[in-house]
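Chemist: pasted the sequence and its predicted model underneath.
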There are 2 protein chains.
Amino acid sequence: MDAEVAAFSRRWHEAVAARDVDGLLELLSDEPTLGAPPYWQPLEGRALVHHLLGIIVQTIDGFTYHREWVNGRELALEFRGSVDGLDLQGIDLVTLDEAGRLSNLDVMIRPLNAVEALMKHVRPRMLAFLEAQASSG
Amino acid sequence: MDAEVAAFSRRWHEAVAARDVDGLLELLSDEPTLGAPPYWQPLEGRALVHHLLGIIVQTIDGFTYHREWVNGRELALEFRGSVDGLDLQGIDLVTLDEAGRLSNLDVMIRPLNAVEALMKHVRPRMLAFLEAQASSG
């Protein structure tokens, strides 16, 4: 594994395990994109992607990584946890830029009821964030 | 890559590309399990898993594999396609047994509307299959 990829993987796992949302920010590229479970259109921008990552890590109970795959600068990280008592399994497909920072993340989660429960928690917090951004911009 | 894993990967891609549902059957272990996008509880059994795989490959328009990761006998295969005109992205997390046959497959798909559209097509065909199995058993 490339040293930058290994460093990303180590720091990513440390930040997620510690629920260190600030630590995740340093691992994002300047213009990251995120393909979220509910929507086809990727979310764009460092603040938005970082905010959503923070909410997800805080909302999924017992969020832990399991299987992991690396192929060049592309990673696949399986995670498990639960929302409102509903077990879930998901995957983070990560693309790193040349500096070893996350430039794209596609997130898929099963099963459907857990995705819906997660959306119920995430949506109001994302809307509040977007409204705050709009009113401050 | 282990020779058996490479052989599985080659034959799996050939069968899917050709929509060769019979060809997929040979690649399944005797007691495969499948974690489907809608349900937490895995589906069990060779006939059931094979039937669902066939429906999925036939129902997703333009089903093509993209990124691929291999780690020992664990594979992660990204796919893309569409259902009812809705773009989708998914992942097959494959576990192979010692004979290089699929023993477990976890499937996650985004976005939500494509999963729901897929379920509308898949559910009646799965129910018909289960009813036929029950009445013949």
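Modeler: Looks like it came in fine.
Chemist: residues from chain A in reach of chain B?
Modeler: Within chain A, the positions near chain B by CB under 8 Å from any CB of the partner chain are A:35-40, A:67-71, A:74, A:76, A:78, A:86-91, A:93, A:106-116, A:119. Where you see a C-beta, it was placed from the backbone N, CA and C, and this is true even at glycine.
Chemist: wait, A:Trp40 touches B:Ala114, no?
Modeler: Yes. Between A:Trp40 and B:Ala114 there is a contact under CB atoms under 8 Å: 7.5 Å.
Chemist: who touches both of the two?
Modeler: B:Leu86, B:Asp87, B:Leu88 (CB atoms under 8 Å, 6 or more residues apart in numbering or on different chains).
Chemist: just the element for the second one, please.
Modeler: This means B:Asp87. In this assignment (DSSP states H and E), B:Asp87 forms part of strand B:86-96.
Chemist: between A:Trp40 and B:Ala114, which one's more packed in?
Modeler: Legend: neighbour count by other CB atoms under 10 Å in any protein chain shown for A:Trp40 and B:Ala114, higher for B:Ala114 (23 against 16).
Chemist: just the angle between the helix or strand hosting that one and strand B:86-96, please?
Modeler: Under the criterion of DSSP H and E, B:Ala114 resides in helix B:112-136. Relative orientation of helix B:112-136 versus strand B:86-96 (axes from the mean of the first three to the mean of the last three CA atoms, to 10 degrees): 60 degrees.
Chemist: what about chain A, any weak spots by pLDDT?
Modeler: By pLDDT under 70, the low-scoring segments of chain A are A:137.
Chemist: show me where it has its strands.
Modeler: A:28-35, A:43-44, A:61-71, A:74-83, A:86-96, A:102-110 (DSSP state E).
Chemist: mind putting these in TSV, mean neighbour count included?
Modeler: Listed next are the strands of chain A as TSV, based on neighbours: other CB atoms under 10 Å in any protein chain shown:
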stretch	mean neighbour count
strand A:28-35	18
strand A:43-44	14
strand A:61-71	16
strand A:74-83	20
strand A:86-96	21
strand A:102-110	22
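Chemist: of all the ones you listed, which one is nearest B:Arg11?
Modeler: Nearest to B:Arg11, of all the strands of chain A, is strand A:61-71, at 20.3 Å by CB to CB.
Chemist: show me what the residue of chain A found nearest chain B bridges to in the sheet.
Modeler: Nearest residue of chain A to chain B (CB to the nearest CB) works out as A:Trp69 at 3.2 Å. Counting by DSSP bridges, A:Trp69 is bridged to A:Ala76.
Chemist: quick one: residues contacting it.
Modeler: A:Leu75, A:Ala76, A:Leu77, B:Trp69, B:Val70, B:Asn71, B:Glu74, B:Ala76.
Chemist: give me that answer again for 6 Å
Modeler: A:Ala76, B:Trp69, B:Asn71, B:Ala76 (CB atoms under 6 Å, 6 or more residues apart in numbering or on different chains).
Chemist: closest to A:Ala99 among these?
Modeler: Looking across the contacts of A:Trp69 and measuring by CB to CB, the closest to A:Ala99 is A:Ala76, at 20.5 Å.
Chemist: quick check: the closest one touching B:Leu75?
Modeler: No. Between A:Ala76 and B:Leu75 there is no contact under CB atoms under 6 Å: 9.7 Å.
Chemist: any common contacting residues for those two?
Modeler: With CB under 6 Å, 6+ apart, A:Ala76 and B:Leu75 have no common neighbours.
Chemist: mind listing what A:Leu28 touches?
Modeler: Counting by CB under 6 Å, 6+ apart, the residues that A:Leu28 touches are A:Arg46, A:Arg101, A:Leu102.
Chemist: ok, now with 10 Å
Modeler: For A:Leu28, the contacting residues are A:Leu34, A:Gly45, A:Arg46, A:Ala47, A:Val49, A:His50, A:Leu53, A:Asp97, A:Arg101, A:Leu102, A:Ser103, A:Leu105, by CB atoms under 10 Å, 6 or more residues apart in numbering or on different chains.
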